[in-house]
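**Student:** Quick check, what structure comes out for this input:
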Amino acid sequence: MRLALYQPDIPQNAGAALRLAACFRVPVDIIEPCGFPFNDKRLRRSAMDYGEVCEMVRHESWETYLGALRAAQQAGGRQRLVLLSTASGVSYADFAFADSDTLLLGRESHGVPEAVHAAADARVRIPMAEGLRSLNVVVAGAIVLAEALRQRQVFQGRTVI
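**Tutor:** Numbers count the residues shown, from 1 in each chain. Below is the predicted model of the structure:
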C-alpha cells in the first residue's frame, strides 16, 4: 500500500501526510510540482521528525510518476491507482482494497485534472452529510488509508505495525 500526493500546495498538509504515512509504515509518492518549496520550514514543522523515517519518492511530474507506475504494472506488478474523489459514486467502505494499491490524494485547492482522473484504476469517495463538499485532504487520506489497512488486516493483533 502506498500514499501519493498530487502536486500538494499546502506544506502543512504535506507534512501531516508524511507523518501519517510514517506512523502506518506506508511509502509516499510526492508528485511535483508542489505549491511551495519542498524544504519549506512549515513542511518540516508539521512532519516533525517523522519525515526522516517516512519512505518517500519524489516525481518531477505527473507524467514521470505515471510512467513509473505503468512500468511497474507491466513488469508484473498489480498496482492499482485509487483516487480519492468527491466525484466518485463508490464509497471507500464498499471498496475492496489490495495490498498493492496506491491511494492518490489531489491538490487541496483544485483536486486533480481530468487526465489524472481518467488514469486512475478506481475512484472512491467518503460519504458526507448533505450539502457539505469535502474534508481536509489529509483527513480524507487518513480515513481511507486506515480502512484499506484494516481490510488488509495490517492492524490485526498488533499494537505496533
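**Student:** Contact partners for the closest residue to Ala122 other than its chain neighbours?
**Tutor:** Nearest residue to Ala122, sequence neighbours excluded (C-beta to C-beta, 6 or more residues apart in numbering): Val82, at 4.8 Å. The C-beta positions use only the backbone N, C-alpha and C, and glycine is treated the same way. Val82 makes contact with Phe95, Phe97, Asp101, Thr102, Leu103, Leu104, Ala120, Asp121, Ala122, Arg123, Val124, according to C-beta atoms under 8 Å, 6 or more residues apart in numbering.
**Student:** cool, and Gln151?
**Tutor:** With C-beta under 8 Å, 6+ apart, Gln151 has these contacts: Ala96, Phe97.
**Student:** what do you get for Arg58?
**Tutor:** Counting by C-beta under 8 Å, 6+ apart, Arg58 has contacts Asp29, Ile30, Glu32, Phe38.
**Student:** secondary structure class for it?
**Tutor:** When classified by DSSP: H, G, I helix; E, B strand; the rest coil, Arg58 comes out as strand.
**Student:** ok, it to Asp9 distance?
**Tutor:** Distance, Arg58 to Asp9, by C-beta to C-beta, to the nearest Å: 15 Å.
**Student:** returning to that earlier point: could I have the ChimeraX command that selects the buried members from the contacts of Val82?
**Tutor:** With 16 or more other C-beta atoms under 10 Å as the burial test, the buried ones among those are selected in ChimeraX as follows:
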select :95,97,101,102,103,104,120,122,123,124
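**Student:** now the residue nearest to Ala96 when sequence neighbours are not counted: how far from Ala87?
**Tutor:** Closest residue to Ala96 apart from its sequence neighbours, by C-beta to C-beta, 6+ apart: Gln151 at 7.0 Å. Gln151 is 23 Å from Ala87, where distance means C-beta to C-beta.
**Student:** pLDDT of stretch 31-43, averaged?
**Tutor:** The average pLDDT within stretch 31-43 is 82.
**Student:** Stretch 144-161 now?
**Tutor:** 86.
**Student:** and that stretch, C-alpha only, in CSV?
**Tutor:** C-alpha atoms of stretch 144-161 as CSV (Å, rounded to 0.1, in the frame of the first residue of the first chain):
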residue,chain,number,x,y,z
VAL,A,144,-9.4,5.8,3.6
LEU,A,145,-5.9,4.6,4.4
ALA,A,146,-7.0,3.3,7.8
GLU,A,147,-9.8,1.4,6.2
ALA,A,148,-7.6,0.0,3.5
LEU,A,149,-5.1,-1.2,6.0
ARG,A,150,-7.9,-2.6,8.2
GLN,A,151,-9.2,-4.6,5.3
ARG,A,152,-5.7,-6.0,4.6
GLN,A,153,-5.5,-7.0,8.3
VAL,A,154,-2.4,-4.9,8.9
PHE,A,155,-3.7,-4.0,12.4
GLN,A,156,-4.9,-7.4,13.4
GLY,A,157,-3.5,-8.5,16.7
ARG,A,158,-0.9,-5.7,16.7
THR,A,159,-0.2,-2.8,19.0
VAL,A,160,2.7,-1.8,16.8
ILE,A,161,2.9,-2.0,13.0
